[in-house]
Each structure stands twice: as C-alpha cells, then as structure tokens.
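Peer 1: I'd like to go over a predicted model; first the sequence, then the structure.
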Amino acid sequence: MFAFCADPSALPQWQWFACYLTSGTHLAFYWSFVVVIVLILLAAPASLLLGFGGALAQRSRYAPLRWFGAGYTSMVRGVPDIVFFLFVPIAVDQSLEFLMHQIRCPDWDLPIRRGNDFLVCPAAKVPLSTSPSWVHDFYAFGLALLAFALVFGAFAANTLRGAMEAVPKAQIETAEAYGMTRGQAFRRVLLPQMWVYALPGLSNLWMILIKATPLLFLLGIQDIVFWARELGGAKTSLYTYPHPDWRVWYFLVVLIFYLLLTWVSQFGFERLMGRLSVGQATAGGERMRKAGL
C-alpha cells in the first residue's frame with residue numbers, strides 16, 4: 001500500500017508493521033469480519049422466518065402441515081449441526097447443476113456420476129467457470145446462509161411454538177368471544193404477547209449463531225478463523241512477510257471480536273426484554289410494576 005513497501009527486508013520495525021498490516025491478505029482478513037457480521041444479520045431474520053413458519057405448521061389444524069413442521073424440527077434437531085452445514089450446500093449445489101445439465105445439455109451421453117465424482121457439462125456449472133470470482137464468492141455465501149437458516153430455523157420453531165403456547169388461552173377465548181376471528185385473535189392478542197416469552201430462547205439462539213460462524217471455514221469461505229490461522233502461522237504461501245508463529249495474537253483478536261459481539265448482543269437483548277415486559281403478566285413485568293416503571 002505504501003511506496004516504501006517495495007523491499008520489506010530493509011525496513012525499520014514500524015514501517016515493516018505498516019506494510020505488513022496493510023498487505024492484500026490483511027485487507028482480506030479485515031473484510032472477513034464484515035462477512036461474519038453480514039452473515040449473522042441475514043441468517044437471524046431468515047431463521048426467524050423459517051422458525052415462525054415451522055411453529056405455525058406445528059400448530060396447524062391440518063395434519064399434513066403438522067407432520068411437516070414436526071418432521072422438519074425433529075430432523076434438524078436430531079442431526080449434528082455440522083452434518084447439515086456440510087450436506088445442505090452440497091445437496092443444493094448438485095441439485096442445481098443436475099437441473100441445469102438436463103436443460104442445457106440434453107444430448108450429453110456420459111454418466112454424471114463417475115465413481116466419487118459428480119461431473120456435468122461445462123454449461124451446467126453453477127456458477128459458470130468463466131464467471132468472475134465475486135460471483136463464486138457470492139454463491140458460496142448464499143449456500144452457507146441457507147444452511148445456517150435451515151438449522152437455526154428449526155430451533156427457532158420450537159422456541160416460538162413454546163412462546164405461543166405460553167400465552168394464556170383464556171385471552172384467546174375472550175377475544176373470540178368478543179367476535180374476533182381466529183386470525184384476528186392471533187394477530188392482535190397472541191402475536192404481540194408471545195415475544196416476551198420467546199425472547200430468552202431467541203437470545204440464546206442468537207448467541208449460538210454467533211459462535212457457529214467459524215464453521216464458515218468448513219464451507220469453503222475464508223472467514224476470520226481461516227485468516228487468523230493462515231496469517232499467524234510461521235510458514236504460509238499467502239503472504240511475503242515471514243515472521244515467527246503469531247497465531248496466538250491473531251486468535252486473541254478473534255477472541256476479543258467475539259466477546260465484544262456477544263457483550264453488545266447481551267446488552268441489546270436486556271434492553272429489548274425490558275421494553276417488551278412493560279405491562280406484561282410475567283415475572284419481569286411484575287418487577288417493573290412494583291418498581292413503578
């Protein structure tokens with residue numbers, strides 16, 4: 001980045017660090033922090049949306065929907081998360097390529113599966129091999145986001161279902177007795193009150209989601225853990241600045257990043273819980289009532 005970085009071996013210490021910390025690989029390391037935050041901010045609402053749909057499916061009056069909701073949550077909860085994180089991207093990627101192969105290469109006479117290999121015609125690759133690198137990165141990130149949303153959506157479904165059932169049924173019955181339809185009672189009575197019961201469980205899911213982001217490395221995405229290991233090691237081909245083993249310092253930066261992220265999250269959830277507890281018939285709401293808040 002700087003003009004004096006042409007020959008790092010001849011630089012004094014402060015200039016050496018200035019060149020080292022502004023190298024292209026370190027800029028990628030800094031960008032990986034943004035990638036992690038973006039993944040969290042996108043995966044959380046996606047998981048909440050899937051969880052809300054799963055919770056409604058489990059409470060549905062129609063048996064097929066109940067079976068689907070129960071099957072989705074039970075399957076994901078019963079299988080280790082890492083299996084889904086590895087299975088979903090591979091399954092979605094190969095399914096898309098198989099579909100594109102059938103559309104674009106109908107005359108292809110070679111088998112797609114050859115031993116352990118999955119080979120489609122070049123025109124069916126998703127994305128195409130001629131696509132820019134950012135397209136491949138965006139595609140890999142999208143598959144990772146889908147895997148995170150599916151896994152955490154199943155846990156959110158159980159949390160939201162429990163919160164819905166925690167709202168006193170007498171309130172729903174009273175609303176229907178006053179002429180509200182089932183949907184109106186859900187939107188006006190159950191939905192506003194369920195969040196105070198769901199928030200403790202959702203906050204735990206948020207923390208687990210944050211701690212699960214290092215699994216991006218397993219999905220082929222160069223996240224902060226990947227760069228901390230590569231840049232901190234004494235031997236690597238990713239940069240031209242040899243140094244001793246500094247992995248402990250790089251992982252210390254990662255540790256501080258996650259601690260700050262979880263601390264800010266915990267503070268935000270405490271403030272949100274306080275706002276939602278106002279006027280609610282819960283332990284938190286009762287404490288606020290007695291305190292005159």
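Peer 2: Done, it's in.

Peer 1: CA atoms for contacts and neighbours, from now on please.
Peer 2: Will do.

Peer 1: Around Pro132, count how many other residues there are.
Peer 2: Using other Cα atoms under 10 Å, Pro132 has 10 other residues around it.

Peer 1: tell me the contacts of it?
Peer 2: The contact partners of Pro132, taken as Cα atoms under 8 Å, 6 or more residues apart in numbering, number zero.

Peer 1: Return the backbone torsion pair for it.
Peer 2: When quoted as degrees, to the nearest 10, the phi and psi of Pro132 stand at phi -60, psi 160.

Peer 1: From Trp263, how far out is Val38?
Peer 2: For Val38, the distance to Trp263 (Cα to Cα, to the nearest Å) stands at 18 Å.

Peer 1: do the same with Leu160
Peer 2: For Leu160 relative to Trp263 (Cα to Cα), the value is 24 Å.

Peer 1: what sits against Arg247?
Peer 2: Arg247 sits next to 228-229, 231-233 when contact means Cα under 8 Å, 6+ apart.

Peer 1: Now the buried members of the residues you listed.
Peer 2: Among those, those scoring as buried are 228-229, 231-233 (criterion: 16 or more other Cα atoms under 10 Å).

Peer 1: one step back: so which of the contacts of Arg247 are in strands?
Peer 2: The members of the contacts of Arg247 all map outside strands under DSSP state E.

Peer 1: Those residues into CSV, with extra columns for pLDDT and distance to Lys125?
Peer 2: Below are the contacts of Arg247 laid out as CSV (pLDDT from 0 to 100; distance: Cα to Cα, whole Å):
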residue, pLDDT, distance to Lys125
Ala228, 86, 32
Arg229, 84, 31
Leu231, 83, 32
Gly232, 80, 35
Gly233, 76, 35
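
Peer 1: Now, the residues you listed that are in helices?
Peer 2: If you go by DSSP state H, the contacts of Arg247 have 228-229, 231-232 in helices.

Peer 1: any idea which of those is the one closest to Phe267?
Peer 2: Nearest to Phe267 out of the ones in helices among the contacts of Arg247 is Ala228 (Cα to Cα; 27.4 Å).

Peer 1: What separation is there between Ser203 and Val88?
Peer 2: Taken as Cα to Cα, the span from Ser203 to Val88 is 25 Å.
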